[in-house]
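Provide a 3D model corresponding to the input given below.
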Amino acid sequence: MRGVKRVVLVLMVLVVALVVLAFVLENQQGASLSFFGFATGQLPVSVFVVVAFIVGMLIGPLLSAVVCKRRRAPASTAHI
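Residues are numbered from 1 along each chain as shown. Below you'll find the predicted structure:
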């Protein structure tokens, strides 16, 4: 059973890699990004999209952890 799971996992990783490769190859148009006074040079659109995706994958779990931590913390109530 472990062998089947490993084969399925490898196939899924290969499919994801092929989809990413196809996306990168289809989005080679040059674009520059200007954000809060910071400007980039001409890079393919796929670079900006992949970087934004990775940043979102890093920030999302961090924000989720902060929200969950605040929900678990007992509410401080002062009784007078």
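
Count the neighbours of Val51 for me.
The burial count assigned to Val51 is 12, neighbours taken as other CB atoms under 10 Å. In this view, the C-beta of every residue, glycine as well, is placed from N, C-alpha and C.

Could you check how far it is from Leu58?
When distance is defined by CB to CB, to the nearest Å, Val51 is 11 Å away from Leu58.

Kindly spell out which helices and strands sit in contact with the lengthiest helix in the chain.
Ranked by residue count under DSSP state H, the longest helix found in the chain is helix 45-72. Counting contacts by 3 or more CB pairs under 8 Å, 6 or more residues apart in numbering; DSSP states H and E, helix 45-72 is packed against helix 2-26, strand 30-31.

want to try a markdown table for those, with mean neighbour count, distance to Gln42 and mean pLDDT as columns?
Putting the helices and strands packed on helix 45-72 into a markdown table (neighbours: other CB atoms under 10 Å; distance: least, CB to CB, whole Å; pLDDT from 0 to 100) gives the following:
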| stretch | mean neighbour count | distance to Gln42 | mean pLDDT |
| --- | --- | --- | --- |
| helix 2-26 | 10 | 16 | 90 |
| strand 30-31 | 12 | 4 | 89 |
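
export those to a markdown table and tack on distance to Lys69?
Formatted as a markdown table, the helices and strands packed on helix 45-72 follow (distance: least, CB to CB, whole Å):
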| stretch | distance to Lys69 |
| --- | --- |
| helix 2-26 | 31 |
| strand 30-31 | 38 |
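
Figure out which of those is closest to Cys68.
helix 2-26 (27.4 Å; CB to CB).

tell me the angle of the closest one relative to helix 45-72?
In terms of direction (axes from the mean of the first three to the mean of the last three CA atoms, to 10 degrees), helix 2-26 departs from helix 45-72 by 130 degrees.

where's Arg72 relative to Leu62, distance?
From Arg72 to Leu62 the distance is 16 Å (CB to CB).
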